[in-house]
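J.: Let me see the structure of the following:
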Amino acid sequence: MILALTAQVTPASTQQAVGYPSLFLLIVVGALVPVVPTGALVSSAAVVAFHQEAPLALLVVFAIASFAAFLGDMALYWLGRRGMHSKNGSRWLAALRDRAPEERLAQAQEKLADHGVLVLVLSRLVPAGRIPVMLACLMAKMPLREFARGDVPACLAWAVTYQLIGILGGSLFPEPWQGVLVAVALTVVISVAPTVWRKVRHTES
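T.: As a prediction, this is how the structure comes out:
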């Protein structure tokens, strides 16, 4: 899926007709179902745009990534709110609870109480931090509009971060596929590093 983005280096019309809509849909789906590696997708798309030597393409990737992430977050939060107000809950709310361990949820609630919606920005940049914070917002009965105000800068910061990773990977190698591999590797390391660190600390203690 990710490596297929390298095929977009040839004709720009193909990229516009297929690549951009695919990137948009995958990020939206990834926000709703947090198993799609959306960060790696953004980084890979940034590699392709970088090798096209088209600054406008990089801007388009940034706009699509941030907007799609925002739409996905808002849809998931809205579904979660429906579950909170339903007597029987919902599968979306249950999925959020399953992906938010008690310890992480307690930390998210504490940070939300101390920093308000600003914690949403950090939650999108910290691996596996988005869902616990979103659930904390739901449990605090945060209005959808207030959540949106915090989620806008969060999605913009997220898109910039992973696009910069892609630009870095693309600048190191002459071939797009090489840059894509580096970008994906970096996003994987960023994703698993906190989990590995927590396990190491738990073992030492």
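
J.: Now for this structure, the helix or strand with the poorest mean pLDDT.
T.: The element with the least model confidence among the helices and strands of the chain, by mean pLDDT, DSSP states H and E, is helix 12-14, at a mean of 49.

J.: quick check: mean pLDDT across stretch 131-145?
T.: Averaging pLDDT along stretch 131-145 yields 91.

J.: got it, and stretch 65-83?
T.: Confidence for stretch 65-83, expressed as mean pLDDT, is 93.

J.: Next, the buried residues of it.
T.: Neighbour-count burial for stretch 65-83, counted by 16 or more other Cβ atoms under 10 Å, picks out 65-74, 76-77, 79-81, 83. C-beta: built from backbone N, CA, C; applies to glycine.

J.: Ok, stretch 80-97 next?
T.: For stretch 80-97, burial by neighbour count (16+ other Cβ under 10 Å) applies to Gly80, Arg81, Gly83, Ser90, Trp92, Leu93, Ala95, Leu96, Arg97.

J.: Give me the contacts around the next helix or strand after the least confident helix or strand of the chain.
T.: Per DSSP states H and E, the first helix or strand lying C-terminal to helix 12-14 is helix 20-32. Here helix 20-32 makes contact (Cβ atoms under 8 Å, 6 or more residues apart in numbering) with 1, 5, 36-38, 41-42, 45, 60-61, 64-65, 67-69, 71-73, 75-76.

J.: Could you point out the helix or strand that follows helix 20-32?
T.: On the C-terminal side of helix 20-32, the closest following helix or strand by DSSP H and E is helix 38-51.

J.: which secondary structure elements does the helix of greatest length in the chain contact?
T.: Looking across the chain with DSSP state H, the single longest helix is helix 55-85. Secondary-structure packing of helix 55-85 (3 or more Cβ pairs under 8 Å, 6 or more residues apart in numbering; DSSP states H and E): helix 20-32, helix 38-51, helix 91-98, helix 130-139, helix 144-172.

J.: Export those helices to CSV and append columns for distance to Gln107.
T.: Formatted as CSV, the helices and strands packed on helix 55-85 follow (distance: least, Cβ to Cβ, whole Å):
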stretch, distance to Gln107
helix 20-32, 22
helix 38-51, 21
helix 91-98, 15
helix 130-139, 7
helix 144-172, 17
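
J.: Lowest average confidence across these, which one?
T.: When the helices and strands packed on helix 55-85 are compared by mean pLDDT, helix 91-98 comes last with a mean of 76.

J.: and that helix with helix 55-85, angle?
T.: Counting by axes from the mean of the first three to the mean of the last three Cα atoms, to 10 degrees, helix 91-98 lies at 100 degrees to helix 55-85.

J.: Only alpha carbons, please: show the helix or strand encompassing Gln107 as CSV.
T.: Using DSSP H and E, Gln107 maps to helix 102-115. These are the backbone C-alpha positions of helix 102-115, laid out as CSV (Å, rounded to 0.1, in the frame of the first residue of the first chain):
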residue,chain,number,x,y,z
GLU,A,102,-6.5,2.5,32.4
GLU,A,103,-3.0,3.9,33.1
ARG,A,104,-2.9,5.9,29.8
LEU,A,105,-6.5,7.1,30.3
ALA,A,106,-5.7,8.3,33.8
GLN,A,107,-2.7,10.2,32.5
ALA,A,108,-4.8,11.7,29.7
GLN,A,109,-7.5,12.9,32.1
GLU,A,110,-4.9,14.5,34.4
LYS,A,111,-3.3,16.3,31.5
LEU,A,112,-6.7,17.4,30.1
ALA,A,113,-7.6,18.8,33.5
ASP,A,114,-4.3,20.8,33.7
HIS,A,115,-4.0,22.0,30.1
